[in-house]
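Student: Coordinates for the following, if possible.
(3 chains)
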Amino acid sequence: MSKLQLVKSGTPQPRPNGAEPEFLKGLNPAQYKAATTIAGPVLIVAGAGSGKTRVLTYRIAYLLSQGVSPHNILALTFTNKAAAEMKERIAKIAGEGAGHRVWAGTFHSVFARVLRSEAEHLGYTKSFTIYDADDALSLIRNIMASMGISQQQFTPQSIRSGISWAKNQMMSPHEYALSANTLPEKQTGAIYHEYEKRLRANNAMDFDDLLLNMIRVLKNQPEVLKKYQELFKYILVDEYQDTNRAQYVAIQLLASGHKNLCVVGDDAQSIYRWRGADIRNILDFQRDYPNAEVVRLEQNYRSTKNILAAADAVIKNNQGQIKKTLWTENAEGDKITVLGCPSDREEAEAIVTVLKRQMREKDFDPKDFAIIYRTNAQSQQIEDSLRRANVPYTIVSGVSFYKRKEVKDTLAYLRLAVNPTDSESLLRIVNEPARALGKTSIQAIQLYAQENNIPLFEAFKNATKISTIQKRAQISSVQFSQLIEKFTLLKDEIPPAEFAVQYIEATGLLRMYKEQETEDALDRWNNIQRLLSHIAEYSARTENPTLEEYLEQIALISDLDITDTTKDHVSLMTLHAAKGLEFPVVFIAGLEQGLFPLGKAENDNEEKEEERRLFYVGITRAREKLFLTYAERRYRFGELSYSRPSEFLEEIDSTVLEYEGAFGMPAAAPQRRTGFQSPGFATGNNTFKNANNEVFKNFQSGGFKSNSAPASRPAFKSSQPRQPFYNDIQKQEYHSQIPVNTGALKVGVRVKHQMFGEGRVEAINGEGTQKRALVAFQSVGRKHLMLQYAKLEVIG
DNA sequence: CTCAAGTCTCCGAAC
DNA sequence: GAGACTTGAG
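Tutor: Purely as a prediction, here's the structure:
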């Protein structure tokens, strides 16, 4: 292909020798340097809102204009959404074809694509299945059950995160076992070993394997390494501060030939330490590549001066942060508004009220707003309020659709047709709908498979030979295997969309839900239909659609129905999901001690610094106006809990803050409760410090001191009584009877027990004499302890 | 073996 | 409070 064809007419043709393309003209000097320094290693330190995405896009467009082939460019982004947007922007500058031929995607999706073609080197087949976190979890549950390890004592989740941590450190089961000291670690090691064995037997990889196997194949197959080093002549890595050890190694391998590696990141926005991100990757880049060019993007084009001042004030409380001076030519802008509310429900109402007021007075549209929170669970209240107020909204990512049972079941059927050795998928749906194959029969069949060393699916085919199960189960097993086999053969004969419809119809899953005739079952039936139409959509927009590819996309693109920015919706999302986005108006909700920062961070400085970076990310999403909200009491785990406002609020200069109590709402506010006067909360003119000090007096962290309970406040005598509100009161009075001496014992604290030694409190249940704590001990795993008997000493 | 009712975990973020 | 998992009667 000639290099001229790569550039669409209408964009400037590359002129030979140094003449520069038109599109670079709008860049500032630092951006220009970042976009055009294409040879050798480059580190771009890009502050929030400094035009990073633009620079990356232009850099790729520039590469293309210099005659680089699109398929020689690898751009690794943190989300698939970011990759898709980048491709789109490149397409606009350099032409449709070029834009789409660039290798752009997440580490996981790009590596999955590579691994499909190199699977044989690893002992896998092309159609390997990708297990998401939930699949991995149920595999671990099965393993624990078969190994006779109590799931009460060791949660499958903790085992899984242990395994994932080991994988991210590139530790084999053997290495992990060698370094294991405590009992939980030893158990994890044993399970890890079996887990790896079963993944292989199932022809399946988990998320971590996509990175590890990539490294494996590059390290062990020199010709494969060479091939991809040649292919990926220019490598760009976005969000480099959030890469983990395995990603780091993979990049090193790929880039070690030509060294045209450009990494972009901001240490202040590193928010994925918990999943293995290693901030040293960015801090040490210059050591890894001594001749690296370093470009700093410090001019912010996004936010007002006040918003930047707040962000700066917050982040400077972190010790381990590269010094950076972010500045802007933008206007000073409005002050940041803090909204204090009595409850989570009223917080949600206040957000919606203020949001509507902003739309009315400042002429904003719904799409100009984002509501951001620390935990997914917070979305519910806000959703309810938005729905009641008829404000259109979408939730970015979130748990939702693909995690639903019926959807996962449908996907398991499809996976099984693609990869019949996938025993996890098989076990998931073998009795869904009921086929008279219960626990006992399945255990017997599993045993048979094990003894004869054949895949589970083969055992089902040969069920008539298994004398330990009943005749009825034998027949049922054979019928089931015949159903799957029939469609395994049909799979490549008809288009994926049609196939899926016929197949799922034949499984009886749809009929089962239809016959139940409950509202819930109808919902589930609809969800399966939605999934089937989604496959049809995928098929329609893809050149050579295959079921394998569709399933891979589903596994790797969790937020597939991501925010449609063309639609006029308010966006709801977690702080993590907000990274990389921007909105004119941003609400950050739930700024409470114990929620944001999370309780676990309270006594752990590194955790707290990460929470602070998360807050920094949140603040810098806002262009014009930022609201910070908190609730004095909120439901968590179905129980009411109290907390004081987040310590992060104190870190912001009072000069850029203004304060609005929930009852300083305009008269039009529907939930207005006159009479409420929280000290210092009333109107906007108090400086925050004053208000804050008052609040601290009233709300002791984690305690339930009787006179701090706000039961006597007139606010509870609502003129518009709502049922849940009164429930709040009852519950809360109940709570105030809890003996004060257990106040310091709460979820997250470390405790010491005479016999079991040190551990961490994971949950507290029950009341009064029945109150008990679930403690994870280093020595013996998890134990339920009655507090009135177990003398637990709180040690921090 | 199956279904309904009871129990337990979850709410720490996501490829 | 929801959803997944467990348990016990038919």
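Student: can you tell me which strand in chain A is longest?
Tutor: strand A:622-636 (DSSP state E).
Student: How about A:Glu432: what's its closest non-neighbour residue?
Tutor: Nearest non-adjacent residue to A:Glu432, counting by CB to CB, 6 or more residues apart in numbering: A:Asp409, 5.4 Å away. (Each C-beta comes from the backbone N, C-alpha and C, glycine too.)
Student: Please, which helix or strand holds the one you found?
Tutor: helix A:405-418 (DSSP states H and E).
Student: ok, and for that helix, which residues are buried?
Tutor: A:406-418 (16 or more other CB atoms under 10 Å).
Student: Among those residues, which pair sits farthest apart?
Tutor: The two members of the buried residues of helix A:405-418 with the most space between them (CB to CB) are A:Glu406 and A:Val418, at 19.2 Å.
Student: Enumerate the residues of the stretch 301-450 of chain A near DNA strand C.
Tutor: Contact residues (CB under 7 Å from any atom of the strand) of the stretch 301-450 of chain A with DNA strand C: A:404-405.
Student: In the stretch 301-450 of chain A, where is pLDDT below threshold?
Tutor: A:397-400 (pLDDT under 70).
Student: Return the residues of it in contact with DNA strand B.
Tutor: With the criterion set to CB under 7 Å from any atom of the strand, the stretch 301-450 of chain A comes near DNA strand B through A:374-377, A:397-398, A:431, A:434-441.
Student: Next, count neighbours for the residue of the stretch 201-350 of chain A found nearest DNA strand C.
Tutor: Going by CB to the nearest atom of the strand, DNA strand C is nearest to A:Arg345 of the stretch 201-350 of chain A, at 11.3 Å. Per other CB atoms under 10 Å, the neighbour tally for A:Arg345 reads 22.
Student: returning to what we had before: so which of the residues of the stretch 301-450 of chain A next to DNA strand B is the closest to A:His753?
Tutor: Once CB to CB is applied, the member of those that ends up nearest A:His753 is A:Thr375, at 29.3 Å.
Student: Burial check on the closest residue to A:Ile351 other than its chain neighbours, number of neighbours?
Tutor: Closest residue to A:Ile351 apart from its sequence neighbours, by CB to CB, 6+ apart: A:Phe587 at 5.3 Å. Residues near A:Phe587, counting by other CB under 10 Å, number 28.
Student: List the contacts of A:Gln482.
Tutor: Residues near A:Gln482 by CB atoms under 8 Å, 6 or more residues apart in numbering: none.
Student: hang on, the earlier thing: wait, which of the residues of the stretch 301-450 of chain A next to DNA strand B is closest to DNA strand B?
Tutor: So of those, ranked by how close each gets to DNA strand B (CB to the nearest atom of the strand), first place is A:Gly438, at 2.4 Å.
Student: List the contacts of the residue nearest to the closest one when sequence neighbours are not counted.
Tutor: Spatial nearest neighbour of A:Gly438, excluding adjacent residues (CB to CB, 6+ apart): A:Asn431 at 6.8 Å. Applying CB under 8 Å, 6+ apart to A:Asn431 gives the contacts A:437-438, A:442.
Student: Likewise for A:Arg415?
Tutor: Going by CB under 8 Å, 6+ apart, A:Arg415 touches A:129, A:422, A:425, A:551.
Student: neighbour-wise, which of the residues you listed leads?
Tutor: Neighbour max across these (other CB under 10 Å) = A:Ser425, 28 neighbours.
Student: tell me which element that residue is part of?
Tutor: A:Ser425 is part of helix A:423-429, with elements assigned from DSSP H and E.
Student: tell me what that helix is packed against?
Tutor: Under the contact criterion of 3 or more CB pairs under 8 Å, 6 or more residues apart in numbering; DSSP states H and E, helix A:423-429 touches helix A:133-147, helix A:405-418, helix A:456-461.
Student: Report the distance from the second one to the chain centre.
Tutor: The reference is to helix A:405-418. Put simply, helix A:405-418 sits 22 Å off its chain's centre (CA atoms, centre = their mean, to the nearest Å).
Student: orientation of it relative to helix A:133-147 in degrees?
Tutor: On the basis of axes from the mean of the first three to the mean of the last three CA atoms, to 10 degrees, helix A:405-418 is oriented at 80 degrees to helix A:133-147.
Student: ok, A:Ile251 - contacts?
Tutor: A:Ile251 sits next to A:76, A:235, A:237, A:243, A:261, A:263 when contact means CB under 8 Å, 6+ apart.
Student: so which of those comes closest to A:Thr574?
Tutor: Nearest to A:Thr574, judged by CB to CB, of the contacts of A:Ile251 is A:Thr243 at 20.4 Å.
Student: Flag every residue of the stretch 1-150 of chain A that's near DNA strand B.
Tutor: A:78-80, A:106-109, A:132-133.
Student: Got a quick ChimeraX command for the buried subset of these?
Tutor: The buried residues among those can be selected in ChimeraX (16+ other CB under 10 Å) with this line:
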select /A:78,79,80,106,107,108,109,132
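Student: Next, format the residues of the stretch 1-150 of chain A next to DNA strand B as JSON lines and append pLDDT and secondary structure.
Tutor: Formatted as JSON lines, these follow (pLDDT from 0 to 100; DSSP: H, G, I helix; E, B strand; the rest coil):
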{"residue": "A:Phe78", "pLDDT": "84", "secondary structure": "coil"}
{"residue": "A:Thr79", "pLDDT": "82", "secondary structure": "coil"}
{"residue": "A:Asn80", "pLDDT": "81", "secondary structure": "helix"}
{"residue": "A:Thr106", "pLDDT": "91", "secondary structure": "strand"}
{"residue": "A:Phe107", "pLDDT": "94", "secondary structure": "helix"}
{"residue": "A:His108", "pLDDT": "93", "secondary structure": "helix"}
{"residue": "A:Ser109", "pLDDT": "92", "secondary structure": "helix"}
{"residue": "A:Asp132", "pLDDT": "87", "secondary structure": "coil"}
{"residue": "A:Ala133", "pLDDT": "85", "secondary structure": "helix"}
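Student: Is it possible to get the residues of the stretch 1-150 of chain A next to DNA strand B out as CSV so that each row also shows distance to A:Glu537?
Tutor: Converted to CSV, those look like this (distance: CB to CB, whole Å):
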residue, distance to A:Glu537
A:Phe78, 25
A:Thr79, 20
A:Asn80, 16
A:Thr106, 21
A:Phe107, 26
A:His108, 22
A:Ser109, 19
A:Asp132, 21
A:Ala133, 25
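Student: What average pLDDT does stretch A:752-763 get?
Tutor: Averaged across stretch A:752-763, pLDDT comes to 70.
Student: tell me the contacts of the nearest residue to A:Phe457 once chain neighbours are set aside?
Tutor: Nearest non-adjacent residue to A:Phe457, counting by CB to CB, 6+ apart: A:Pro420, 4.6 Å away. By CB under 8 Å, 6+ apart, the contact list for A:Pro420 reads A:426, A:455, A:457, A:484-485, A:488.
Student: Done for today, thanks.
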